[in-house]
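A.B. asks: quick check, what structure comes out for this input:
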Amino acid sequence: MLIAVAGMSHRSAPVEVRERVAFPPCASRGFLRRLGEEGVAEEAVLLSTCNRTEVYAVVDDQDARSRILDLLAEDRGVERASLDEDTYWLTDADAVSHLYRVASSLDSMVVGEGQILGQVRDAYRVATEEQRTGVVLNRLFHTSLRVGKQVRAETGIGDSSLSVPHVAVKLAEGVFGTLEGRSALVLGAGDMSELLIKHLKARNVGEVRIANRTPERALALAERVGGRAVSFGALSDELAEVDVVVSSTGAGDWVVRREPVAAALARREEPLFFIDIAVPRDVDPVVQTLQRVFVYDIDDLQAVVERNADDRSEAAEKGEAMISPAVLEFMSWFSSLHVVPLIKELKDRAEQIRRHELSRALKKMDLSPEEEAAVVRMSHLLMNKLLHGPISELKALAEA
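C.D. replies: Residues are numbered from 1 along each chain as shown. You can find the predicted model right below:
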């Protein structure tokens, strides 16, 4: 039995590759069920964010990697061979350490960003609802959430928390010099969009317009954050009147195409800036071939991140130091699971002997019900005390 993770992240693949295997909301459930139904994994959790798609699983052996990638390629409609180059495969202590680092935001593009812990929690919740977790992953994800919270609380890594939305807005600010008085269009009405708007407001953006395929969600978000809901269908008109467009939808196809952007440019003189933090991307790459158009995707944010990396290096080192003993503790527990069948067999055999010898002894004795009950209790106590030493030794050897 192995704990394993097969994954792809901003560290292993560019956005144009990651977006092909990303799972939109709720699409993970069918894939999780298939992993179980086809006997690929005993337990499984799928984590898919803007920067990573990872399958955490309890599997029989190393051959499971190929079977997981086969299913992933089939489900996402990508060539199987392409996954070998861009995915990583970690097992046991390495897999546990990786999840702890992910939950602690130490493996994030923006170290210390605040969204990943909630995304890990949501991924685990979906897997439990699909009944795809068991003893191992239940404990692994519970401990990962605890470690993630502990790292953030004790290292200060989340102080003045950076995030992908924060860095996106900082990039826009760098392009314009200042965002004060500028107008922005936010495409999407999810949690990431709400964070984006809060960061835009903090920089005194003059107007924030919100467009979403579901108008009711755009209106509700606009009422919460003080923006203005606009029609998703009139994108060309909106593009003609704003300075910066930040896109973060969950669409699986291009949201912004060349034609409406070209039509908007014909009605304006100033450049138009797009910051696309969605995975899969929202803005068709062809758009950036237009004159006076600048498009930045989530991988372009890496340059901004690297300029701020030193700010959190000390906190990150403290976080790494906290993860190592947590991994050791988990692996000690996991190792002890291998002797559970042996311990059960030992107890079952001892119980058979106890019952057999107790029955023989009671037949030769003339005892009252109270006396017989006392003898039965003594036999249980005697068996448990005799087994305590060997069982404790088995567990200690397994943990070592």
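A.B. asks: any low-confidence regions in the stretch 251-400 of the chain?
C.D. replies: 303-304, 306-312 (pLDDT under 70).
A.B. asks: quick one: the strands in it?
C.D. replies: Ranges of strands in the stretch 251-400 of the chain, per DSSP state E, counting those that start in this stretch, are 272-276, 293-297.
A.B. asks: tell me which of these sits nearest to Ser9.
C.D. replies: strand 293-297 (15.3 Å; C-beta to C-beta). No exception for glycine: its C-beta is placed from N, CA and C like everyone else's.
A.B. asks: re earlier: mean neighbour count, the strands of the stretch 251-400 of the chain: which tops it?
C.D. replies: Compared across those, strand 272-276 shows the largest average neighbour count, a mean of 24 (mean count of other C-beta atoms under 10 Å).
A.B. asks: what strands line up against it, and which way round?
C.D. replies: strand 244-247 (parallel), strand 293-297 (parallel) (DSSP bridges).
A.B. asks: using TSV, lay out those strands together with distance to Glu345.
C.D. replies: As requested, the strands paired with strand 272-276 are exported to TSV (distance: least, C-beta to C-beta, whole Å):
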stretch	distance to Glu345
strand 244-247	59
strand 293-297	57
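A.B. asks: for those strands, which one sits closest to Leu265?
C.D. replies: Minimum separation from Leu265 across those (C-beta to C-beta) falls at strand 293-297, 7.0 Å.
A.B. asks: which residues touch the closest one?
C.D. replies: 15, 168, 171, 175, 261, 265, 271-277, 281, 283, 285, 287-288 (C-beta atoms under 8 Å, 6 or more residues apart in numbering).
A.B. asks: ok, now stretch 54-65?
C.D. replies: With C-beta under 8 Å, 6+ apart, stretch 54-65 has contacts from 1-9, 35, 40-48, 68, 72, 89, 91, 95, 99, 102, 134, 136-137, 140-141.
A.B. asks: okay, now it: how far is its last residue from its first?
C.D. replies: Using C-alpha to C-alpha, to the nearest Å, the end-to-end distance of stretch 54-65 comes out at 12 Å.
A.B. asks: try stretch 237-256
C.D. replies: End-to-end for stretch 237-256, by C-alpha to C-alpha: 13 Å.
A.B. asks: so how far is that stretch from its chain's centroid?
C.D. replies: Distance of stretch 237-256 from its chain centroid, counting by C-alpha atoms, centre = their mean, to the nearest Å, is 26 Å.
A.B. asks: just the contacts of stretch 54-65: which are in strands?
C.D. replies: Counting by DSSP state E, the contacts of stretch 54-65 place 2-9, 43-48, 89, 91 in strands.
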